[in-house]
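# Below is the structure, and that's it, no one-letter string:
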């Protein structure tokens with residue numbers, strides 16, 4: 001029906017295509033789960049299913065630090081600064097893509113295995129500030 005083309009800071013182009021299609025219902029499993037968002041674990045299910053929190057930023061932190069240091073030494077407006085800025089943006093984009101893929105994999109797994117999913121509504125930001133005090 002329509003196409004939207006966009007570009008991110010890394011210079012990548014994306015095309016979003018809007019189409020009409022029939023939605024196929026997944027077969028019922030009869031299972032339910034309650035998910036608890038945690039600090040040490042990403043999610044914990046009512047059936048004892050712990051999903052560990054991945055550390056994608058921590059894994060890329062040394063590479064990102066080095067790229068940002070190189071960027072800070074470049075002269076403003078230079079071609080090398082633009083290239084260095086693009087490299088930092090690509091590292092940040094890679095981290096964001098890893099996080100999105102992780103969340104998509106978890107949600108797809110949960111949707112395929114359970115019919116009803118309940119999530120505990122907590123103020124996680126407030127939870128961490130109470131622990132740090």
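Cool, got the structure. Keep in mind that what you see is a predicted model, and the values were worked out from it rather than measured.

# Buried by neighbour count: which residues of stretch 11-31 qualify?
Of all the residues in stretch 11-31, not one is buried under the rule 16 or more other C-beta atoms under 10 Å. For glycine as for every other residue, the C-beta is placed from the backbone atoms N, C-alpha and C.

# so how far is that stretch off the chain centroid?
19 Å (C-alpha atoms, centre = their mean, to the nearest Å).

# first vs last residue of it, how far apart are they?
This stretch, stretch 11-31, spans 44 Å end to end (C-alpha to C-alpha, to the nearest Å).

# neighbouring contacts of it?
Here stretch 11-31 makes contact (C-beta atoms under 8 Å, 6 or more residues apart in numbering) with 1-8, 86, 93, 111-116.

# for the record, mean pLDDT for it?
Average pLDDT, stretch 11-31: 88.

# got it, and stretch 70-79?
pLDDT averaged over stretch 70-79 gives 91.

# re earlier: so which of the contacts of stretch 11-31 are in strands?
2-7, 116 (DSSP state E).

# What remains of the residues you listed if I keep only buried residues?
Judged by 16+ other C-beta under 10 Å, buried ones among the ones in strands among the contacts of stretch 11-31: there are none.

# mind listing the helices for the chain?
56-73, 79-113, 124-132 (DSSP state H).

# starting at the chain centroid, how far to the second one?
Averaging C-alpha positions (C-alpha atoms, centre = their mean) puts helix 79-113 6 Å from its chain's average.

# can you list the helices of the chain in CSV and add mean neighbour count and distance to residue 21?
Listed next are the helices of the chain as CSV, based on neighbours: other C-beta atoms under 10 Å; distance: least, C-beta to C-beta, whole Å:
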stretch, mean neighbour count, distance to residue 21
helix 56-73, 13, 33
helix 79-113, 14, 18
helix 124-132, 9, 36
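
# Any chance of TSV for these, columns distance to residue 15?
Converted to TSV, the helices of the chain look like this (distance: least, C-beta to C-beta, whole Å):
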stretch	distance to residue 15
helix 56-73	26
helix 79-113	17
helix 124-132	35
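
# Among those helices, which comes closest to residue 44?
helix 79-113 (12.3 Å; C-beta to C-beta).

# quick one: low-confidence ranges for the protein?
Applying pLDDT under 70 to the chain flags the ranges 122-133.
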